[in-house]
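Q: A structural model of the following input is requested.
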Amino acid sequence: MTLFDFDRVPFSRHQRFTTLSMMRGRDDEQRCYLRYVAGGDERPSLGRLCKLEFLSKDGTVLTPQFTLSPHRLDVDLFSNERKQGYVSFCIGEGELLHIKGQDVSLKFALEGSRYDYAFQHPNGDQCIVAAGENLRLTPFTTAGNAVVEGNWRRDHADNVSLIFSGEQFEGGIILHRRLCSEVEKQSFEEAQAISRQAFFNWHGKQDQSEAEQLATYLLWANTVPAEGALTHPSTYMSKNHMINIWSWDNAFSAIGLAGIDPDLAFSQFAAIFDWQDDSGLLPDFVHDAGASFAFTKPPVHGWALLHILEAYRDSFNSEQLVYLRDKMECQLSYWLTHTRANEQELPSYFHGNDSGWDNASFFDHGGPVVGPDLPTFLCLTATCIARLYCKSEDSNTASKFDHISKQLKDLMINQLWNNKTFEFRKPAQPDLVLPDTSLAQFMPLLLGSDLPREIAGKLIERFNTQGFLTEWGPATENPQSTYYEADGYWRGPIWAPTTLLIFDGLCRQGEIRLAHELAKRFMKTCEASGMAENFDALTGAGLRDKAFAWTSAVYLRFQNVLSKAQLTPA
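A: Residues are numbered from 1 along each chain as shown. Here you go, the predicted structure:
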């Protein structure tokens with residue numbers, strides 16, 4: 001199986017919204033679509049613009065065979081297993097889809113909305129207006145023909161389409177919101193060569209395995225430009241379905257990007273922190289059209305920044321670090337002020353989505369919920385802030401945040417440790433016993449030597465003996481639990497972020513061999529099943545969205561760690 005499978009992995013380019021991907025349309029058939037992945041993932045269309053149809057000279061529908069690479073998408077076209085011709089795509093400068101083909105016709109059939117129409121500009125250019133998507137498509141050709149069709153119906157057009165044809169045709173489609181800007185109409189070969197070089201320049205490696213190239217490509221291609229509400233270039237989780245940047249996903253993407261493009265890694269933090277409320281509350285997610293505060297996400301950013309600074313010491317400059325310090329100080333204030341009644345209580349999550357573990361077993365009775373992961377993350381946030389104040393030689397303020405970290409750790413141990421593991425509780429129902437079968441119970445391992453050795457030892461023993469670590473990686477819910485579901489989102493499947501958190505926790509406890517074994521198993525999973533959103537814990541099969549950024553980021557991080565370990569003498 002090739003990992004560059006166009007049925008699973010969209011074709012796009014760095015800092016572009018223009019995307020080609022296989023999706024189910026209104027007829028529930030899986031087809032190739034031209035998409036513009038702006039506007040967020042709440043829209044039913046998910047940016048679908050046009051269904052692509054590949055036709056013979058006599059109008060017969062041909063069977064496509066796709067070959068995906070980072071810089072181009074090639075389509076061989078067959079009728080009765082006999083090749084009839086081909087079409088190729090690449091993405092040029094700006095939102096410009098380059099096209100060339102031979103011996104076939106290529107039809108872009110507009111999906112359709114209430115006021116779609118097509119017209120011819122006074123300068124002779126044709127234009128399609130996808131009104132529901134607030135987008136215009138202007139075609140051009142340098143060889144062959146491009147014809148726009150549609151049936152006028154009083155105040156709109158039905159069946160709007162664009163057809164490229166000719167013995168050989170070459171041209172493209174410019175996607176734009178307002179007037180079509182003048183763009184350099186490079187040849188197809190020039191455009192794909194520039195894209196290929198841009199990808200290589202970005203990652204800078206001569207040789208990559210298929211899995212490494214896929215992970216690198218997804219971080220590159222899943223990135224959209226700063227536009228609208230996006231104040232920085234932002235790495236979306238995917239250009240399949242998850243077309244937002246979420247406020248804990250961003251931290252894991254930043255870790256994967258830090259060794260390739262530190263400025264883009266910083267942008268992942270800033271794209272979210274620029275939307276921070278005055279209270280310190282972070283949005284659940286941001287996209288070009290706005291932000292949502294219906295939920296928030298766990299405060300992993302202090303841990304992530306510490307991780308980046310330890311692995312890639314000079315990733316961020318002093319101005320960037322002051323920005324992040326101030327934003328995290330405000331973030332810490334939100335959790336300590338607004339999610340608990342007083343300083344003797346632990347902060348809480350109001351909803352599973354706030355925790356990032358949306359439907360985890362410890363939210364089986366709703367929220368608010370108190371658990372060990374949140375105070376652990378806040379301890380690390382305070383520690384990170386303290387270290388950043390130390391860098392600016394403000395030891396008094398640094399001591400204040402070190403004290404906050406210690407207070408939170410002591411509260412967590414006193415209130416949640418039961419001499420076997422850390423519990424989850426509902427403050428409103430103190431006698432209710434919540435499940436202790438989630439991987440989240442092991443997050444305090446991240447505290448390293450600040451966690452008492454006796455507690456750390458019991459947690460590690462529990463992790464080793466309870467069956468959490470499968471052949472493919474750490475399950476988010478114990479496979480022996482009654483709550484376990486093979487495709488249960490946070491009730492069983494293996495996820496990249498939690499795998500990295502457990503890995504780092506084990507490393508901080510000195511369990512290097514076990515941590516590296518965990519990383520190897522996760523990498524094996526990705527190499528077999530691609531960079532999926534999550535994986536079946538017992539079979540390793542990829543689940544849900546199959547082209548995910550944080551999976552790619554964690555794969556590359558593990559590769560970096562393990563390659564360095566191989567070079568280090570025992």
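Q: Quick check: Lys51 is in a strand.
A: Yes. Per DSSP: H, G, I helix; E, B strand; the rest coil, Lys51 lies within a strand segment.
Q: and it, how many neighbours?
A: Residues within reach of Lys51, counting by other CB atoms under 10 Å, total 21. For the C-beta atoms, the positions are set from N, CA and C on the backbone; glycine is no exception.
Q: Check the gap between it and Asp27 for me.
A: 9 Å (CB to CB, to the nearest Å).
Q: now do Pro10
A: 20 Å.
Q: more neighbours, these two?
A: Pro10 (23 against 8).
Q: how about that one, what does it touch?
A: Thr19, Leu20, Ser21, Met22, Arg35, Ala221, Ser238, Lys239, Asn240, Ala547 (CB atoms under 8 Å, 6 or more residues apart in numbering).
Q: Where in this structure is the helix or strand with the lowest mean pLDDT?
A: Ranked by mean pLDDT, DSSP states H and E, the weakest helix or strand in the chain is strand 117-120, scoring a mean of 91.
Q: Skipping its backbone neighbours, what lies nearest Tyr217 in space?
A: Closest residue to Tyr217 apart from its sequence neighbours, by CB to CB, 6 or more residues apart in numbering: Pro70 at 4.5 Å.
Q: Among the contacts of Pro10, which lie within strands?
A: Thr19, Leu20, Ser21, Met22, Arg35 (DSSP state E).
Q: Mind putting those into JSON lines with distance to Asp249?
A: Listed next are those as JSON lines, based on distance: CB to CB, whole Å:
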{"residue": "Thr19", "distance to Asp249": "19"}
{"residue": "Leu20", "distance to Asp249": "23"}
{"residue": "Ser21", "distance to Asp249": "19"}
{"residue": "Met22", "distance to Asp249": "23"}
{"residue": "Arg35", "distance to Asp249": "20"}
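Q: related to what we said a few turns ago, touching, the residue nearest to Tyr217 and Leu218? I think so.
A: No. With contacts counted by CB atoms under 8 Å, Pro70 stays clear of Leu218, the gap being 9.6 Å.
Q: which one of these two has more residues nearby?
A: Neighbours around Pro70 and Leu218, counted as other CB under 10 Å, are more numerous at Leu218. The numbers are 30 against 23.
Q: Doesn't the more buried one lie inside a helix?
A: Yes. Counting by three-state DSSP, one finds Leu218 located in a helix.
Q: And the residue lying closest to it once chain neighbours are set aside, how close does it get to Cys180?
A: Among residues not flanking Leu218 along the chain, Ser552 sits closest, at 4.3 Å (CB to CB, 6+ apart). Taking CB to CB as the measure, Ser552 falls 34 Å from Cys180.
Q: Show me what secondary structure element comes after whichever strand or helix holds Glu319.
A: Assigned by DSSP states H and E, Glu319 belongs to helix 318-338. On the C-terminal side of helix 318-338, the nearest following helix or strand under DSSP H and E is helix 352-355.
Q: Quick check: mean pLDDT of that following helix?
A: Mean pLDDT, computed over helix 352-355, is 98.
Q: next structured bit after it?
A: Helix 352-355 is succeeded, C-terminally, by helix 373-391 (DSSP H and E).
Q: State the three-state secondary structure for Lys400.
A: Assignment for Lys400 (three-state DSSP): helix.
Q: Summarise which helices and strands the strand or helix carrying Ala565 is packed against.
A: Assigned by DSSP H and E, Ala565 belongs to helix 549-567. Under the contact criterion of 3 or more CB pairs under 8 Å, 6 or more residues apart in numbering; DSSP states H and E, helix 549-567 touches helix 210-221, helix 249-258, helix 496-508, helix 512-529.
Q: So for stretch 513-533, what gets flagged as buried?
A: 514-516, 518-519, 521-523, 525-533 (16 or more other CB atoms under 10 Å).
Q: I meant stretch 249-265, not that one.
A: In terms of neighbour count (16+ other CB under 10 Å), stretch 249-265 has its buried residues at 249-262, 264-265.
Q: Could you count how many residues lie near Ala193?
A: For Ala193, the count of nearby residues is 15 (other CB under 10 Å).
Q: from the middle of its chain, how far away would the helix or strand encompassing it be?
A: When secondary structure is defined by DSSP H and E, Ala193 falls within helix 188-203. Offset of helix 188-203 from its chain centre (CA atoms, centre = their mean, to the nearest Å): 23 Å.
Q: per the record, what domains does this protein have?
A: Using automatic domain parsing, the domain parsing of the chain gives 18-200, 205-565.
Q: among those, which is the most enclosed?
A: Among the domains of the chain, the stretch with the highest mean neighbour count (mean count of other CB atoms under 10 Å) is domain 205-565, at a mean of 20.
Q: end to end, how far does that one reach?
A: Its start and end residues considered, domain 205-565 measures 19 Å (CA to CA, to the nearest Å).
Q: cool, and stretch 213-228?
A: Distance between the two ends of stretch 213-228: 30 Å, counting by CA to CA.
Q: same check, this time on stretch 337-349
A: End-to-end span of stretch 337-349 (CA to CA): 13 Å.
Q: So what touches that stretch?
A: Taking CB under 8 Å, 6+ apart as the rule, stretch 337-349 contacts 279-281, 298, 335-336, 350, 355, 363, 367-371, 374-375, 378, 407-408, 411-412, 415-416, 427.
Q: And for stretch 521-535?
A: Contacts of stretch 521-535 (CB under 8 Å, 6+ apart): 3, 5, 8-9, 209, 211, 214-215, 218, 237-238, 242, 469-473, 489, 493-496, 499, 540-548, 551-552, 554-555, 558-559, 562.
Q: one more time with 7 Å, if that's ok
A: Outside stretch 521-535, the residues that touch it by CB atoms under 7 Å, 6 or more residues apart in numbering are 3, 8, 211, 214-215, 218, 471-473, 493-495, 499, 540-548, 551-552, 555, 558-559.
Q: Name the residue closest to the centre of this protein, please.
A: Met237 (1.8 Å; CA atoms, centre = their mean).
Q: quick one, phi psi at that one?
A: Dihedral angles of Met237 (phi, psi; degrees, to the nearest 10) stand at phi -60, psi -40.
Q: Hmm, it is touching Ser552, no?
A: No. The pair Met237 / Ser552 is not scored as a contact, 10.0 Å apart, by CB atoms under 7 Å.
Q: hey, what's in contact with both of those two?
A: Common contacts of Met237 and Ser552 (CB under 7 Å, 6+ apart): none found.
Q: So for Asp28, what's the pLDDT?
A: At Asp28 the predicted local confidence, pLDDT, stands at 82.
Q: That one: which element?
A: Asp28 is part of no helix or strand when elements are defined by DSSP H and E.
Q: if I look at it, how far off is Phe252?
A: Distance from Asp28 to Phe252, by CB to CB: 33 Å.
Q: Then Tyr334?
A: Distance, Tyr334 to Phe252, by CB to CB: 21 Å.
Q: Same question for Asn418.
A: Asn418 sits 30 Å away from Phe252, going by CB to CB.
Q: go on, Ile260?
A: 14 Å.
Q: tell me what the lengthiest strand in the chain is packed against?
A: Counting by DSSP E, the longest strand found in the chain is strand 157-176. Strand 157-176 sits against strand 96-102, strand 105-110, strand 117-120, strand 135-152, with contacts defined as 3 or more CB pairs under 7 Å, 6 or more residues apart in numbering; DSSP states H and E.
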